Structure formats: structure tokens, C-alpha cells
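# this one's sequence-less:
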């Protein structure tokens with residue numbers, strides 16, 4: 001269980017990748033007061049938590065209702081996560097830059113900060129794969145929930161210190177960290193693909 005805990009933390013850190021959200025977060029909130037910025041960030045974290053928790057609870061049930069096997073979802077999720085990881089490694093930026101700003105009448109805590117910047121497709125797929133009922137017991141799924149809370153807390157702290165962190169790391173530092181996260185995510189995606197294909201083609205009938 002302890003090994004699974006660290007795997008969950010690394011997987012969610014790679015898929016959420018709070019460091020790559022920094023430029024978009026600064027661009028979206030630079031017109032807000034410090035208090036409003038802090039409230040917006042907290043709401044976006046809570047919204048992302050609610051989205052991921054919902055998929056953790058009903059994600060597999062929804063798949064079963066649609067007749068989609070867990071292994072099929074694992075393979076599809078692995079492909080998507082691999083594409084996201086490759087994009088993170090090779091692309092200049094995954095997020096909208098600082099030129100983006102808050103738009104009147106739009107709740108940026110919901111969109112785009114809560115989803116898709118924090119609770120994006122990769123994070124949603126990861127949380128479903130990490131809580132498969134056939135592979136993970138209730139205590140292990142509870143451990144995944146704790147891991148998710150830890151990663152979202154780290155995301156909150158990283159974005160709270162976004163401005164000084166961007167000055168310290170610079171664009172180059174943030175891009176390097178995003179590429180490292182992309183490489184980790186690609187590795188996890190390949191492992192998901194291997195597991196899914198093995199279960200489909202080599203599992204005992």
C-alpha cells in the first residue's frame with residue numbers, strides 16, 4: 001500500500017503538473033486584488049477536488065453502464081496520457097500564457113482554472129485508473145484519495161507562490177520542470193498500456 005501511495009502521488013503530480021499552470025494562473029488573475037486572487041485559487045482547488053472525487057466514485061460505474069471494460073479504458077487512457085506526456089516533453093507550453101486575463105462575467109475558478117487546468121482530462125483518467133475496483137481494495141482507494149488531497153494541497157501552495165516562483169525559476173526553469181513531469185507521465189502511460197494489453201491478450205480465459 002505504501003508503494004501504491006507514492007505511485008499515486010507521482011502520477012497525480014505528473015498529470016496535474018502545478019508548475020505548468022503557473023503562467024496561465026498569473027495571466028488569468030493578474031488583474032485581481034491579492035484577496036480576490038487567493039479566494040479564486042481556493043475555489044478552483046475545491047472545484048477540481050469535487051470533479052476528481054466525482055470521477056473517483058462514479059467513473060468506473062459509468063464505464064460499466066456504457067459497456068466499456070476497464071482494460072479498454074486503461075488502454076485508451078494510456079494512449080491519451082502518453083500523448084499528453086509527449087506534448088509536455090516536446091511542446092513549448094501546454095498552458096495559455098500570461099497574456100490571458102480574467103474576463104468579466106466568467107468564473108475563472110470553474111473554467112479554466114478548476115477544469116481543465118487543474119482537473120484536466122489526464123488527471124481524470126488517472127484517478128479512474130488508480131481506483132479500479134478489480135485491482136484496488138477500499139483501503140488502497142482511500143490511500144489514493146489521500147494522495148489526491150496531498151497533490152491538490154501542493155498545487156495550492158505552488159500557485160499561491162506563483163509570482164515569486166516564476167521570477168526565481170524563469171520561463172526556462174518552468175519549461176524544464178514541465179518536461180520532466182511529461183517524461184514521468186509518459187512512462188506511467190506506457191506502463192498502463194502494457195498492463196491493459198497484457199490483460200486483453202494474455203489473461204487466462
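Arrived safely. What you see is a predicted model, and the numbers here were worked out from it, not measured in a lab. Residues are numbered from 1 along each chain as shown.
# give me the low-pLDDT residue ranges for the protein?
Residue ranges of the chain with pLDDT under 70: 1-3, 91-106, 203-205.
# what's the longest helix in it?
helix 162-202 (DSSP state H).
# show me how far it is from its chain's centre.
Relative to its parent chain, helix 162-202 has a centroid offset of 10 Å by C-alpha atoms, centre = their mean, to the nearest Å.
# next one: stretch 71-85
Counting by C-alpha atoms, centre = their mean, stretch 71-85 is centred 14 Å from the centre of its parent chain.
# about what we covered before: mind giving me the packing neighbours of the longest helix of the chain?
Contacts defined by 3 or more C-beta pairs under 8 Å, 6 or more residues apart in numbering; DSSP states H and E place helix 162-202 against helix 2-16, helix 18-29, helix 70-90. From N, CA and C alone the C-beta is placed, and that goes for glycine too.
# what is the orientation angle of the shortest one with helix 162-202?
Spelled out, it's helix 18-29. Relative orientation of helix 18-29 versus helix 162-202 (axes from the mean of the first three to the mean of the last three C-alpha atoms, to 10 degrees): 130 degrees.
# let me know the next secondary structure element after helix 18-29.
Beyond helix 18-29 on the C-terminal side, the first helix or strand identified by DSSP states H and E is helix 34-65.
# which of the residues in that following helix are buried?
Across helix 34-65, burial judged by 16 or more other C-beta atoms under 10 Å covers 37, 40-41, 43-45, 47-49, 51-52, 55-56, 59-60, 63.
# among those residues, which one lies nearest to residue 112?
The nearest member of the buried residues of helix 34-65 to residue 112, counting by C-beta to C-beta, is residue 44 at 9.2 Å.
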